[in-house]
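Undergrad: Sharing a sequence plus its predicted fold:
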Amino acid sequence: MSTKYHHGDLKVQLIKTGLQMIQENGIEKLSLRKLSAKCNVSEAAPYSHFKNKDDLLTAMQEYVTQQLQSCLENAYENIEKKHSPDAILNMGKAYVLFFMKYPEYYTFLFTQPCVKIDLSINSREDNFAPFQYYKEKAYFVYSKEGFTDEQIKYGVIAMWAKVHGIAAIASMKYVEKDFEWEDVLEKILVEQGAYNAKKERV
């Protein structure tokens, strides 16, 4: 039986299914023909949205980036203590939980050569948008707390390295643990270098 999709729904479904197929079999085995079969649509249907496989991969990268960006924005904005260190911590938790929910997104996104991370204070215009958002909010919040640009610069690197590393572990298929990530995530992230120290000690 054919699956019925609205025009926009099919594009998103093709992207999501393609990401799952990459997670299972690798990018080299992905094709628009196999994707159409997986989504139970005609072989011509994907070409209504993507010119070729490279176009599909670009759309996947844009989709995952946008989803992560929205996740971080919601985590920062939808908290009682906005523009505070708590909002930055909330973004870190959201980052990890996002990739726990969608491990195929992590595997795909950070193997793409087009994802550029600029750790410097003055970032390039093409800096990875979710990281740029995370960094800008950290500079805004912690400059108000009295930290210098240099302290914030290296603190941001340390914070992102921690959440990125935890996300990598949490998204792995074979990891044994005697806890739930949701239960301990704040305890793991709460020690964020200089940001949780008193200013007198920095």
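TA: Great, that's in hand. Numbers count the residues shown, from 1 in each chain.
Undergrad: Any idea which helix or strand in the protein has the lowest mean pLDDT?
TA: helix 181-189 (a mean of 86; mean pLDDT, DSSP states H and E).
Undergrad: which residues touch that helix?
TA: 89, 92, 93, 96, 97, 100, 162, 163, 166, 170 (CB atoms under 8 Å, 6 or more residues apart in numbering). For every residue, glycine as well, the C-beta is placed using N, CA and C.
Undergrad: any idea what sits nearest the second one, other than its immediate chain neighbours?
TA: Spelled out, it's residue 92. In space, and not counting its chain neighbours, residue 92 is closest to residue 163: 4.4 Å by CB to CB, 6 or more residues apart in numbering.
Undergrad: follow-up on the earlier one: mind exporting the least confident helix or strand of the chain as PDB, just the C-alpha atoms?
TA: Provided in PDB are the C-alpha atoms of helix 181-189 (Å, rounded to 0.1, in the frame of the first residue of the first chain):
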ATOM      1  CA  TRP A 181      21.800  10.400  31.400                       C
ATOM      2  CA  GLU A 182      18.800  12.600  32.300                       C
ATOM      3  CA  ASP A 183      19.400  11.900  36.000                       C
ATOM      4  CA  VAL A 184      23.100  12.800  36.100                       C
ATOM      5  CA  LEU A 185      23.600  15.300  33.200                       C
ATOM      6  CA  GLU A 186      23.300  18.400  35.300                       C
ATOM      7  CA  LYS A 187      25.800  17.000  37.900                       C
ATOM      8  CA  ILE A 188      28.200  16.300  35.100                       C
ATOM      9  CA  LEU A 189      27.800  19.600  33.400                       C
END
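Undergrad: What are the buried residues along the helix or strand containing residue 162?
TA: Element membership of residue 162, judged by DSSP states H and E, is helix 149-170. By 16 or more other CB atoms under 10 Å, the buried positions in helix 149-170 come out as 151-153, 155-156, 159-160, 162-164, 166-167, 170.
Undergrad: what sits against residue 163?
TA: 92, 95, 96, 189.
Undergrad: from those, which ones fall inside helices?
TA: Judged by DSSP state H, the contacts of residue 163 include 92, 95, 96, 189 as members of helices.
Undergrad: Tabulate those (JSON lines), appending neighbour count and distance to residue 55.
TA: Below are the ones in helices among the contacts of residue 163 laid out as JSON lines (neighbours: other CB atoms under 10 Å; distance: CB to CB, whole Å):
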{"residue": "92", "neighbour count": "26", "distance to residue 55": "33"}
{"residue": "95", "neighbour count": "25", "distance to residue 55": "28"}
{"residue": "96", "neighbour count": "24", "distance to residue 55": "31"}
{"residue": "189", "neighbour count": "21", "distance to residue 55": "37"}
